[in-house]
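>>> sharing a model that was predicted from the sequence below.
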Amino acid sequence: MTVQPFEVLEPIRLTTSVLFASPHSGQNYQDAFGDEVQLTRPVLRSSEDAFVDRLFDYAPELGATMLCATFPRAYVDLNRSSDELDPALIEGIRRVSHNPRVVSGLGVIPRVVSGGRAIYCGKLPMAEAKRRLAMIWHPYHEKLQELMDRNSALFGESILVDCHSMPHEALECSRQTGGTPEIVIGDRFGASASQRLVQQIAAAFRDEGLTVAHNTPFAGAFSTVTYGRPSRRQHAIQIEIDRSLYMDEATLTPHIDFPDFRAMLRRVSTKIAALGEREMPLAAE
């Protein structure tokens, strides 16, 4: 593998403890899948958080860092634990897991994409699973931890904003009194971030006229569980955006008004970045 498993977008001057991340928008399919795959690339892309990296790539201009995965979610899911291996896909895994994500085929090495469509013709060797984890999963999370630790050292806190998108159809069952949610903020029901911080982020989206839900239907997964430690001033918030707001889900193409939607998110992100701004010592500049 010659391509790095992630890209780090750094500001000229770091001014906020907020770290934006996009773990599911990688598009390096060419270096990922081989002959064992039975799906076309458009079908493989159905599980991708398409264009989310582009929706937030201005983060450095806000004084924040952004971490972007380069390999697709269908190849390695960076929002799963490294031990969430699927016995129905990986050879040598004992069938002892009752993890609903693994059972449904959505472990760290996914067996299916959206609609339950199988990615592979058969099973994968354990050696292949370990290779992917070593080359992609571990480097990504080592870098994420490094960036969180750096922000904590510089600002006295770190705030991870994990950026995702969700299929519109997944929201139909989550229709609320105020309408179908367009943004879902996940904080593991208060376990991964302070209530005040979550409320401020939700307000930033609502100020733009968006309908915001909290933890339903998505409360956050591995990254929020792992990096959210509010008692240590380490916060992790998952942001899910309705894909139909900015793209055609059938053709995987951005809407004509994609730049306007991105500009709106920039206004939201500017407010979010400001939540992590602190006075820094001169030596850190």
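Yep, it's here. Just so it is clear, the structure is predicted and the values come from calculations on it, not from any experiment.
>>> for the stretch 1-150 of the chain, which segments are assigned as strands?
6-9, 18-22, 65-69, 112-113, 117-118 (DSSP state E, counting those that start in this stretch).
>>> pick the most deeply packed of those.
Between these, strand 18-22 has the highest mean count of neighbours, a mean of 28, where neighbours are mean count of other CB atoms under 10 Å. From N, CA and C alone the C-beta is placed, and that goes for glycine too.
>>> what's that one packed up against?
Judged by 3 or more CB pairs under 8 Å, 6 or more residues apart in numbering; DSSP states H and E, the packing partners of strand 18-22 are strand 65-69, helix 138-155, strand 158-166, helix 258-274.
>>> mind redoing it with 10 Å?
strand 6-9, helix 52-55, strand 65-69, helix 138-155, strand 158-166, helix 222-227, strand 234-242, helix 258-274 (3 or more CB pairs under 10 Å, 6 or more residues apart in numbering; DSSP states H and E).
>>> what's the first one in contact with?
Looking back up the chat, that one is strand 6-9. Residues from elsewhere that reach strand 6-9, judged by CB atoms under 10 Å, 6 or more residues apart in numbering: 20-23, 26, 53, 56-61, 64-71, 78, 136, 139-144, 146-147.
>>> again, 8 Å this time
Under the contact criterion CB atoms under 8 Å, 6 or more residues apart in numbering, strand 6-9 has outside partners 57, 59-60, 65-70, 139-140, 143, 147.
>>> you'd agree Ile12 is up against Pro60?
Yes. Using CB atoms under 8 Å, Ile12 is in contact with Pro60, at 7.3 Å.
>>> neighbour count: these two, which is higher?
Taking other CB atoms under 10 Å, Ile12 and Pro60 do not tie; Pro60 has more neighbours (17 against 8).
>>> who touches the more buried one in this structure?
Per CB under 8 Å, 6+ apart, neighbours of Pro60: 9-12, 66.
>>> of all these, which comes closest to Ile119?
Of all the contacts of Pro60, Ile119 sits closest to Met66, with 28.0 Å by CB to CB.
>>> measure that closest one to Thr180 for me?
28 Å (CB to CB, to the nearest Å).
>>> one more: Arg188?
The gap separating Arg188 from Thr180 is 23 Å, by CB to CB.
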